[in-house]
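**Student:** Output the structure for:
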Amino acid sequence: MELIQKREAWNKGKLVGQKPPLKPKDIWAIRINLQNAHAARDLAIFNLAIDSKLRGCDLVNLHVRDVTHGNQILRRAMAMQRKTQRPVQFELMEPTRAALAAWIEKIHLQSDQYLFPSRIGTSPHVSTRQYARIVRQWVEAAGLDSSAYGTHSMRRTKATLIYKRTKNLRAVQLLLGHTKLESTVRYLGIEVDDALEISEQTEI
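**Tutor:** Numbering: from 1, shown residues only. This is a model prediction of the structure:
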């Protein structure tokens, strides 16, 4: 009788499912690390990723003209989502505007250039794979488990904070560029979180 070799599950020892958002203390830890390292590009990417709530493929595809008007960094910008082919607007807070201005000035980027050009000649801009590696470095430097966080953690961070503070699902839906409210509910995982929160507040 032949022995059947048991195949190890692909996800053994790995965290699967949605990547959690960063907590405010994690945001500040990463931001301070990047500031101390004088990492102008990474600070600009990080701040913009948090504010824009864009998918990685849309973030790396931004041009300078998407976030600027003349020599000024816009307070509000717009990007076309590759997945839905629908535009989405986002705000640029002061730390993000300052980081973008410093980055654009540092390497003398022109309006028609990609905002984050690749350092590898084969790609015109930072690739989604490169972006994922960069995020992993940020997370590890902040003392977090890099297997638990990813590029979607950047996208979910501010959206989750906005929902927690306002409970306004429609606003979060618009900010994430979701076509259906159900997608926003699933993306934030709020049904489970809210149910647990209610349960924790209910003593028997």
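**Student:** can you map out the helices along the chain?
**Tutor:** 24-36, 40-52, 56-59, 94-106, 128-141, 151-166, 169-176, 181-188, 190-200 (DSSP state H).
**Student:** highest average neighbour count across these?
**Tutor:** Comparing the helices of the chain by mean neighbour count (mean count of other Cβ atoms under 10 Å), helix 40-52 ranks first with a mean of 23. Backbone N, C-alpha and C define where each C-beta goes, glycine included.
**Student:** Touching that one from outside, list them.
**Tutor:** Contact with helix 40-52 is made by 22, 27, 30-31, 34-35, 59, 62, 67, 77, 79, 90-93, 95-96, 99-100, 102-103, 106, 115-116, 126, 131, 134, 138, 151, 154-155, 157-158, as judged by Cβ atoms under 8 Å, 6 or more residues apart in numbering.
**Student:** Let's see that with 7 Å instead.
**Tutor:** Helix 40-52 is contacted from outside by 27, 30-31, 34-35, 59, 90-93, 95-96, 99-100, 102-103, 106, 116, 134, 138, 154, 157-158, using Cβ atoms under 7 Å, 6 or more residues apart in numbering.
**Student:** related to what we said a few turns ago, possible to save the helices of the chain as a markdown table with mean pLDDT and distance to T122?
**Tutor:** Putting the helices of the chain into a markdown table (pLDDT from 0 to 100; distance: least, Cβ to Cβ, whole Å) gives the following:
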| stretch | mean pLDDT | distance to T122 |
| --- | --- | --- |
| helix 24-36 | 96 | 26 |
| helix 40-52 | 97 | 18 |
| helix 56-59 | 96 | 17 |
| helix 94-106 | 97 | 22 |
| helix 128-141 | 96 | 11 |
| helix 151-166 | 91 | 21 |
| helix 169-176 | 88 | 31 |
| helix 181-188 | 83 | 33 |
| helix 190-200 | 62 | 41 |
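**Student:** how close does A102 get to V135?
**Tutor:** As judged by Cβ to Cβ, to the nearest Å, A102 and V135 stand 20 Å apart.
**Student:** what's the closest of the helices of the chain to I120?
**Tutor:** helix 128-141 (7.7 Å; Cβ to Cβ).
**Student:** Using PDB, list the CA coordinates for the closest one.
**Tutor:** C-alpha atoms of helix 128-141 as PDB (Å, rounded to 0.1, in the frame of the first residue of the first chain):
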ATOM      1  CA  THR A 128       3.300  47.800  -7.600                       C
ATOM      2  CA  ARG A 129       5.800  45.100  -6.600                       C
ATOM      3  CA  GLN A 130       8.400  47.700  -5.700                       C
ATOM      4  CA  TYR A 131       5.700  49.600  -3.700                       C
ATOM      5  CA  ALA A 132       4.800  46.400  -1.800                       C
ATOM      6  CA  ARG A 133       8.500  46.000  -0.900                       C
ATOM      7  CA  ILE A 134       8.700  49.600   0.200                       C
ATOM      8  CA  VAL A 135       5.700  49.200   2.500                       C
ATOM      9  CA  ARG A 136       7.200  46.000   4.000                       C
ATOM     10  CA  GLN A 137      10.400  48.000   4.800                       C
ATOM     11  CA  TRP A 138       8.300  50.700   6.500                       C
ATOM     12  CA  VAL A 139       6.400  48.200   8.600                       C
ATOM     13  CA  GLU A 140       9.400  46.300   9.700                       C
ATOM     14  CA  ALA A 141      11.300  49.500  10.600                       C
END
